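1. Build the 3D model from these lines:
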Amino acid sequence: MTVLVTGGAGFVGSHITEALLDRGHRVVVVDNLDPYYDVALKRHNVETCRAVGGNRYEFVEGSITDEALVREVFSDFDVQFVYHEAARAGVRTSVEQPLRYERNNVGGLLTLLEAAADHGVERFVNASSSSVYGHPEYLPYDEAHPTRPKSPYGTTKLAGEHYCDVYHAVHGLPTVSLRYFTVYGPRMRPNMAISNFVSRCVNGEPPVVYGDGEQTRDFTYIEDVVAANRRLLSTDAADGEVLNIGSTDNISITDLAAHVVEATGAAVSPVHESAKEADARHTHADVTKARDHLGYDPTTDIRAGVDSFVEWYLDNREWYEPLVLRS
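-> Now for the predicted structure:
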C-alpha cells in the first residue's frame, strides 16, 4: 500500500511514517520544512525514516497549499491512504498570525481533500486537536462536549473536522479525525513544555512554569498515538467519526515540573512567570469512543512517559539538545 503522510518530517508525522515503513508499506512524505522550529530536527527525522524505508520512502519538499504539487503527488505515486499531519502548530503563535494559520491549516486541508476525493483514496485520517474544545464545561472531555475554541489554531482544527465530515457525506470519502491531546516523546518539538523542562534541568536551570501551575494537561505518549493511527489501516469502523486520542490521566504543570526535576536529578526548583493567553486551563480526554471503535488502549502514564523521554534525551543529547537550545 502507498501511504501519503503530510507533515511527515515533523514529530508525529515522522513516527507514523517510521511505523508504516517498519510494516513494509511504501510511504510518500510531503513537508515544506517550515522553520517554526529548527529545521535540522526535521531533516534528522527525514534521514531516520529514509534509513528504515530505503527505496520505499519518498520525500517531497513542498507545501500542501500548492494544488499542482498535491495533485502531482497523488497521481505520480498512486496514493491509496492519507495521514494528514501537516499543520501550522502553536496556540499562542496563532493569536499573532491568524491569517497564516487559516491559509495553511484550512486551505491546505481543502487542497488535500479535493485531491483525495478525486483520486478515490481508501481513507483520509485528519490530525485534529483537543484545542477545539476551548474551556471545559466538564471533564473529561468526550466528543459530545461543546466545541468553542479560544484560539485561531483551535478554530482551524475545528473547521478541518467539519470539512472532513462534508467530504465524507458529499463525496463518500472515508474520513476520520483524531483529536490529539498534547503528544510528547522522542524527537518531540523542542518548544514544548516537557522538552523545555528537561533541557533546562539537565543543564542546571530551573523549569519555568507559566501562571500558578495548577492548570492540568492530558499528555499522550507518541507510541499510543501511533498505535491509534496504525489501527486505522485495518478497520473501517471509524469512518466519518471524530475520536479523542488521549492518555491514562492528566497532571498539573506543577507536578509535571517536579517530576522532571526528580527524573533528571537536577538540583533546581521550578520558577513561575506570568500566565500565557489562549491556553486552556485544563484538558483531559475521555477515550471511550476511540476504545469502542479502534480498540484504543493508551498504556503510558505521564510519569513513566517522562522517565522514558529523559532516558532518550540523555542518549541523544549530542544531536538533539543543540536544536532544543536554539529554538
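2. for the chain, what spans make up the strands?
-> Here the chain has its strands, by DSSP state E, at 2-6, 26-31, 57-61, 81-84, 123-129, 175-180, 183-184, 208-210, 216-217, 220-221, 242-245, 251-252, 271-273.
3. could I get those as a markdown table with mean pLDDT and distance to residue 227?
-> C-beta here means a position set from N, CA and C on the backbone, and glycine is covered the same way. Shown next, in a markdown table, are the strands of the chain (pLDDT from 0 to 100; distance: least, C-beta to C-beta, whole Å):
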| stretch | mean pLDDT | distance to residue 227 |
| --- | --- | --- |
| strand 2-6 | 98 | 16 |
| strand 26-31 | 98 | 17 |
| strand 57-61 | 98 | 21 |
| strand 81-84 | 98 | 13 |
| strand 123-129 | 98 | 13 |
| strand 175-180 | 98 | 12 |
| strand 183-184 | 98 | 12 |
| strand 208-210 | 93 | 31 |
| strand 216-217 | 94 | 20 |
| strand 220-221 | 98 | 10 |
| strand 242-245 | 98 | 9 |
| strand 251-252 | 96 | 21 |
| strand 271-273 | 92 | 36 |
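4. Between the ones you listed, which one is closest to residue 285.
-> strand 242-245 (4.3 Å; C-beta to C-beta).
5. Paired strands for that closest one, with orientation please.
-> strand 175-180 (parallel) (DSSP bridges).
6. Output the strands of the chain in JSON lines; the columns should cover distance to residue 281 and mean neighbour count.
-> As requested, the strands of the chain are exported to JSON lines (distance: least, C-beta to C-beta, whole Å; neighbours: other C-beta atoms under 10 Å):
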{"stretch": "strand 2-6", "distance to residue 281": "31", "mean neighbour count": "25"}
{"stretch": "strand 26-31", "distance to residue 281": "33", "mean neighbour count": "24"}
{"stretch": "strand 57-61", "distance to residue 281": "39", "mean neighbour count": "18"}
{"stretch": "strand 81-84", "distance to residue 281": "29", "mean neighbour count": "25"}
{"stretch": "strand 123-129", "distance to residue 281": "16", "mean neighbour count": "24"}
{"stretch": "strand 175-180", "distance to residue 281": "18", "mean neighbour count": "26"}
{"stretch": "strand 183-184", "distance to residue 281": "19", "mean neighbour count": "24"}
{"stretch": "strand 208-210", "distance to residue 281": "12", "mean neighbour count": "17"}
{"stretch": "strand 216-217", "distance to residue 281": "8", "mean neighbour count": "22"}
{"stretch": "strand 220-221", "distance to residue 281": "18", "mean neighbour count": "26"}
{"stretch": "strand 242-245", "distance to residue 281": "18", "mean neighbour count": "25"}
{"stretch": "strand 251-252", "distance to residue 281": "11", "mean neighbour count": "18"}
{"stretch": "strand 271-273", "distance to residue 281": "16", "mean neighbour count": "12"}
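7. Tell me which of these lies nearest to residue 236.
-> Using C-beta to C-beta, the strands of the chain put strand 123-129 closest to residue 236, at 7.5 Å.
8. So which elements touch that closest one?
-> strand 81-84, helix 108-119, helix 152-171, strand 175-180 (3 or more C-beta pairs under 8 Å, 6 or more residues apart in numbering; DSSP states H and E).
9. Identify all contacting residues around it.
-> 7, 12, 81-85, 87, 109, 112-113, 116, 153-154, 157-158, 160-161, 164, 167, 173-180, 229, 232, 236, 239, 242 (C-beta atoms under 8 Å, 6 or more residues apart in numbering).
10. Of the strands of the chain, which is nearest residue 308?
-> The nearest among the strands of the chain, by C-beta to C-beta, is strand 220-221 at 7.7 Å.
11. Export the helices and strands packed on strand 123-129 as JSON lines, with columns for distance to residue 69.
-> Shown next, in JSON lines, are the helices and strands packed on strand 123-129 (distance: least, C-beta to C-beta, whole Å):
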{"stretch": "strand 81-84", "distance to residue 69": "15"}
{"stretch": "helix 108-119", "distance to residue 69": "9"}
{"stretch": "helix 152-171", "distance to residue 69": "20"}
{"stretch": "strand 175-180", "distance to residue 69": "22"}
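12. closest to residue 296 out of the ones you listed?
-> strand 175-180 (9.6 Å).
13. what distance separates the closest one from the middle of the whole chain?
-> Distance of strand 175-180 from its chain centroid, counting by C-alpha atoms, centre = their mean, to the nearest Å, is 11 Å.
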